[in-house]
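*Asks:* Got a sequence here, can you model it:
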Amino acid sequence: MQPSLKAFLSAAAVAFGLSTTAVWAQAVPTETAPAQAPQAIQPSEAQIQQYVSAARKVEAVVQDYQPRLQAAQDEVARKAILQEADEKMVTAVQSDGLTVDQYNGISIAVQQDPQLRERITTLFNNSKGQ
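*Replies:* Numbers count the residues shown, from 1 in each chain. Got it, this is the predicted structure:
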(Lines give C-alpha, C1' and ligand atoms only; values in the text may rest on other atoms or scores of the structure.)
Protein backbone atom coordinates (compact mmCIF):
# COMPACT_ATOMS: atom_id res chain seq x y z
CA MET A 1 0.00 0.00 0.00
CA GLN A 2 1.38 3.41 -0.90
CA PRO A 3 2.15 5.35 2.29
CA SER A 4 0.88 8.56 0.75
CA LEU A 5 -2.50 7.08 -0.19
CA LYS A 6 -4.24 8.13 3.01
CA ALA A 7 -2.92 11.64 2.74
CA PHE A 8 -4.08 12.06 -0.87
CA LEU A 9 -7.48 10.53 -0.30
CA SER A 10 -8.13 12.69 2.73
CA ALA A 11 -6.56 15.74 1.12
CA ALA A 12 -9.11 15.53 -1.65
CA ALA A 13 -11.93 15.54 0.85
CA VAL A 14 -10.43 18.36 2.86
CA ALA A 15 -9.54 20.33 -0.29
CA PHE A 16 -13.14 20.96 -1.15
CA GLY A 17 -14.58 21.34 2.31
CA LEU A 18 -15.86 17.89 3.12
CA SER A 19 -16.44 16.90 6.70
CA THR A 20 -13.26 14.91 7.25
CA THR A 21 -10.47 15.69 9.65
CA ALA A 22 -6.72 15.62 9.50
CA VAL A 23 -6.57 12.32 11.34
CA TRP A 24 -5.74 10.44 8.13
CA ALA A 25 -2.90 12.79 7.31
CA GLN A 26 -1.33 11.76 10.63
CA ALA A 27 -1.08 8.17 9.51
CA VAL A 28 1.77 6.07 10.76
CA PRO A 29 4.52 5.96 8.12
CA THR A 30 5.35 2.59 6.69
CA GLU A 31 8.76 1.11 6.13
CA THR A 32 8.41 1.10 2.35
CA ALA A 33 10.11 3.65 0.15
CA PRO A 34 7.91 6.59 -0.77
CA ALA A 35 6.17 6.31 -4.09
CA GLN A 36 6.51 8.99 -6.73
CA ALA A 37 4.02 11.76 -6.06
CA PRO A 38 1.04 11.68 -8.41
CA GLN A 39 0.61 14.44 -10.94
CA ALA A 40 -2.49 16.59 -11.40
CA ILE A 41 -4.70 15.47 -14.24
CA GLN A 42 -7.40 17.35 -16.11
CA PRO A 43 -10.44 15.11 -15.58
CA SER A 44 -13.05 14.39 -18.19
CA GLU A 45 -16.72 14.96 -17.37
CA ALA A 46 -17.12 11.22 -16.69
CA GLN A 47 -14.10 11.24 -14.36
CA ILE A 48 -15.53 14.20 -12.45
CA GLN A 49 -18.74 12.26 -11.86
CA GLN A 50 -16.77 9.16 -10.84
CA TYR A 51 -14.60 11.26 -8.54
CA VAL A 52 -17.57 12.80 -6.75
CA SER A 53 -19.12 9.37 -6.23
CA ALA A 54 -15.83 7.94 -4.98
CA ALA A 55 -15.26 10.93 -2.68
CA ARG A 56 -18.65 10.30 -1.05
CA LYS A 57 -17.63 6.71 -0.38
CA VAL A 58 -14.19 7.74 0.89
CA GLU A 59 -15.84 10.23 3.24
CA ALA A 60 -18.04 7.44 4.61
CA VAL A 61 -14.97 5.27 5.25
CA VAL A 62 -13.22 8.14 7.02
CA GLN A 63 -16.27 8.79 9.19
CA ASP A 64 -16.52 5.09 10.02
CA TYR A 65 -12.86 4.58 10.86
CA GLN A 66 -12.02 7.86 12.57
CA PRO A 67 -13.57 6.87 15.93
CA ARG A 68 -11.88 3.48 15.73
CA LEU A 69 -8.54 5.11 15.07
CA GLN A 70 -8.96 7.56 17.92
CA ALA A 71 -9.87 4.69 20.27
CA ALA A 72 -6.87 2.56 19.25
CA GLN A 73 -4.92 1.48 22.31
CA ASP A 74 -1.48 1.24 20.71
CA GLU A 75 0.48 1.62 17.48
CA VAL A 76 -0.12 -1.99 16.41
CA ALA A 77 -3.88 -1.50 16.62
CA ARG A 78 -3.58 1.89 14.93
CA LYS A 79 -1.63 0.43 12.01
CA ALA A 80 -4.15 -2.39 11.58
CA ILE A 81 -7.05 0.08 11.55
CA LEU A 82 -5.27 2.31 9.04
CA GLN A 83 -4.51 -0.63 6.77
CA GLU A 84 -8.11 -1.80 6.84
CA ALA A 85 -9.37 1.74 6.14
CA ASP A 86 -6.87 2.13 3.30
CA GLU A 87 -8.12 -1.06 1.68
CA LYS A 88 -11.72 0.12 1.92
CA MET A 89 -10.86 3.53 0.46
CA VAL A 90 -9.02 1.91 -2.44
CA THR A 91 -11.98 -0.38 -3.06
CA ALA A 92 -14.33 2.62 -2.92
CA VAL A 93 -12.28 4.52 -5.49
CA GLN A 94 -11.92 1.54 -7.80
CA SER A 95 -15.63 0.66 -7.55
CA ASP A 96 -16.38 3.95 -9.29
CA GLY A 97 -14.09 3.12 -12.20
CA LEU A 98 -11.05 5.18 -11.19
CA THR A 99 -7.58 4.02 -10.37
CA VAL A 100 -5.96 5.35 -7.21
CA ASP A 101 -3.54 7.32 -9.41
CA GLN A 102 -6.45 8.92 -11.29
CA TYR A 103 -8.24 9.76 -8.03
CA ASN A 104 -5.08 11.24 -6.56
CA GLY A 105 -4.38 13.17 -9.78
CA ILE A 106 -7.86 14.67 -9.70
CA SER A 107 -7.39 15.45 -6.00
CA ILE A 108 -4.27 17.42 -6.82
CA ALA A 109 -6.07 19.21 -9.63
CA VAL A 110 -8.87 20.09 -7.20
CA GLN A 111 -6.33 21.65 -4.86
CA GLN A 112 -4.72 23.65 -7.67
CA ASP A 113 -7.75 24.73 -9.71
CA PRO A 114 -10.34 26.88 -7.89
CA GLN A 115 -12.93 26.43 -10.64
CA LEU A 116 -12.62 22.65 -10.57
CA ARG A 117 -12.76 22.71 -6.75
CA GLU A 118 -15.96 24.79 -6.87
CA ARG A 119 -17.52 22.48 -9.47
CA ILE A 120 -16.71 19.33 -7.54
CA THR A 121 -17.82 20.88 -4.24
CA THR A 122 -21.16 21.79 -5.78
CA LEU A 123 -21.63 18.32 -7.25
CA PHE A 124 -20.59 16.70 -3.99
CA ASN A 125 -22.95 18.82 -1.89
CA ASN A 126 -25.82 18.26 -4.33
CA SER A 127 -25.31 14.50 -4.16
CA LYS A 128 -25.47 14.35 -0.34
CA GLY A 129 -29.22 13.89 -0.24
CA GLN A 130 -29.22 11.09 -2.80
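*Asks:* Number of residues surrounding residue 60?
*Replies:* Residue 60: 13 surrounding residues under other Cβ atoms under 10 Å. No exception for glycine: its C-beta is placed from N, CA and C like everyone else's.
*Asks:* cool, residue 128 as well?
*Replies:* Going by other Cβ under 10 Å, the residues that sit close to residue 128 add up to 10.
*Asks:* and if you look at residue 59?
*Replies:* Counted with other Cβ under 10 Å, residue 59 comes out at 21.
*Asks:* List the buried residues for the helix or strand containing it?
*Replies:* Using DSSP states H and E, residue 59 maps to helix 45-71. For helix 45-71, a neighbour-count test (16 or more other Cβ atoms under 10 Å) marks 47-59, 61-62, 65-66, 69 as buried.
*Asks:* could you show me where the strands are in the chain, in order?
*Replies:* With strands called from DSSP state E, the chain shows none.
*Asks:* What pLDDT is listed against the nearest residue to residue 41 once chain neighbours are set aside?
*Replies:* Leaving aside its chain neighbours, residue 41 sits nearest to residue 105 (3.6 Å; criterion: Cβ to Cβ, 6 or more residues apart in numbering). Looking at residue 105, its pLDDT reads 91.
*Asks:* was I right about residue 105 contacting residue 44?
*Replies:* No: counting by Cβ atoms under 8 Å, residue 44 is not a contact partner of residue 105; they are 12.0 Å apart.
*Asks:* between those two, which one's more packed in?
*Replies:* Neighbour totals were compared for residue 105 and residue 44, and residue 105 leads with 21 against 9 (other Cβ under 10 Å).
*Asks:* Enumerate every residue touching residue 54.
*Replies:* Contacts for residue 54 (Cβ atoms under 8 Å, 6 or more residues apart in numbering) come out as 92, 93, 95, 96, 98, 103.
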